[in-house]
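> I would like the atomic coordinates for the input below:
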Amino acid sequence: SGQKSIDPVVFFKLCLVGYLENIISDRQLIQHSSMRLDILYFLGYDIDEELPWHSTISRTRQLYPESVFEQVFTKVLGMCVEKGMVSGHTRAMDSAPVKANASTDSLELKVPKADLGAHLEKIRHISSMDKKSPIRKSKVNKAPRSQQEIAASSKELQEISSRNRRWQLDQDQRPGAGNKGSKYTSNKTHYSPTDPDARISVKPGKARKLNYLSQLSVDTAHHV
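Okay, the predicted model is just below:
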């Protein structure tokens with residue numbers, strides 16, 4: 001009674017198209033692919049054939065384990081090597097932050113392994129903006145227990161606590177203090193319960209955001 005199943009080959013080809021075309025929305029990916037004759041040819045679809053439903057792609061991605069994606073990556077890389085597209089002589093590497101689909105409003109404080117309830121109120125430093133409206137709570141905590149516990153040393157926590165106090169004193173006078181992302185947060189003391197893979201990052205002059213750190217390695221022979 002649901003949507004038609006999707007050919008695994010078509011699914012991974014769509015994943016590749018989304019990566020190459022820089023499309024992160026499955027709905028947008030289907031709309032984009034349906035308007036491109038070269039992509040339809042690559043997928044093996046005729047002009048009058050309907051592409052898979054976007055929710056089917058999302059669901060299929062959740063069903064496949066990470067090991068399957070690694071096998072496909074290794075297979076594609078091996079094909080590139082066989083065709084002489086990868087020389088293995090020189091590689092260019094770089095990293096870039098990728099915006100995560102998670103809100104900084106739902107960040108939770110890490111707690112000691114003893115899990116003292118009073119510890120949260122003791123170390124939580126908030127601005128007047130936060131006192132007026134309660135901090136948003138996530139519906140489900142997806143983070144593992146190890147990520148919810150403090151792993152920083154006592155010296156690091158002391159430095160963070162001092163920084164928090166200084167931040168609290170001049171928080172309301174800072175430009176953009178009314179912004180939701182203006183609270184001081186650190187990966188040593190906070191984590192995202194909705195997206196445990198996301199990490200807090202900041203650029204000069206901008207508010208802290210939850211991002212992924214993407215690392216790219218390119219073979220310079222044919223830019224694979």
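> Show me the shaky parts of the protein.
Along the chain, segments meeting pLDDT under 70 span 1, 111-139, 145-184.
> Would you map the strands across it?
Along the chain, the stretches classed as strands by DSSP state E are 91-99, 108-109, 190-191, 199-201, 209-219.
> Please produce CSV containing those strands, extended by mean neighbour count and distance to G2.
Where C-beta positions appear, they are placed from N, C-alpha and C, glycine not excepted. What follows is the strands of the chain, written out as CSV (neighbours: other CB atoms under 10 Å; distance: least, CB to CB, whole Å):
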stretch, mean neighbour count, distance to G2
strand 91-99, 11, 31
strand 108-109, 18, 35
strand 190-191, 20, 35
strand 199-201, 18, 36
strand 209-219, 14, 31
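> can you put the ones you listed in TSV and add distance to Y45?
Shown next, in TSV, are those (distance: least, CB to CB, whole Å):
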stretch	distance to Y45
strand 91-99	29
strand 108-109	44
strand 190-191	42
strand 199-201	38
strand 209-219	29
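> neighbours around S25, how many?
Using other CB atoms under 10 Å, the number of residues around S25 comes to 12.
> quick one, what contacts S95?
L213, S214, Q215, L216 (CB atoms under 8 Å, 6 or more residues apart in numbering).
> Then D94?
If you count contacts by CB under 8 Å, 6+ apart, then D94 has Q215, L216 around it.
> Give me the distance between it and L216.
In this view, D94 and L216 are 6 Å apart by CB to CB, to the nearest Å.
> returning to what we had before: what is the nearest of the contacts of S95 to H89?
Proximity of the contacts of S95 to H89 (CB to CB) peaks at L216, which lies at 17.6 Å.
> For that closest one, give its distance to N101.
Counting by CB to CB, the gap from L216 to N101 is 20 Å.
> same question, T189
Applying CB to CB to T189 and N101 gives a distance of 22 Å.
> between those two, which one's more packed in?
Neighbours were counted for T189 and for N101 using other CB under 10 Å; T189 has more, 22 against 10.
> burial of the closest residue in space to H89 that isn't next to it in sequence, as a residue count?
The shortest distance from H89 to any non-neighbouring residue, by CB to CB, 6 or more residues apart in numbering, is to A221 (7.0 Å). Counted by other CB under 10 Å, the residues lying close to A221 total 15.
> One more: the one 3 residues further on?
V224: 16 surrounding residues under other CB under 10 Å.
> what residues are up against it?
Contact analysis of V224 by CB under 8 Å, 6+ apart lists L77, C80, M85, V86, V218.
> I figured the fourth one was touching C80, is that so?
Which is V86. Yes: the criterion here is CB atoms under 8 Å, and V86 meets it with C80 at 5.0 Å.
> So which of these two has more stuff around it?
V86 (18 against 15).
> give the contact list for the more buried one.
Per CB under 8 Å, 6+ apart, neighbours of V86: L77, C80, D219, A221, H222, V224.
> What distance do you get for it to A96?
Distance of V86 to A96, computed by CB to CB: 22 Å.
> can you give me the helices for the protein?
8-20, 26-34, 37-43, 54-63, 66-82, 117-123, 128-132, 145-148, 154-170 (DSSP state H).
> Y212 touches P97, doesn't it?
Yes: assessed by CB under 8 Å, Y212 is found in contact with P97 at 7.1 Å.
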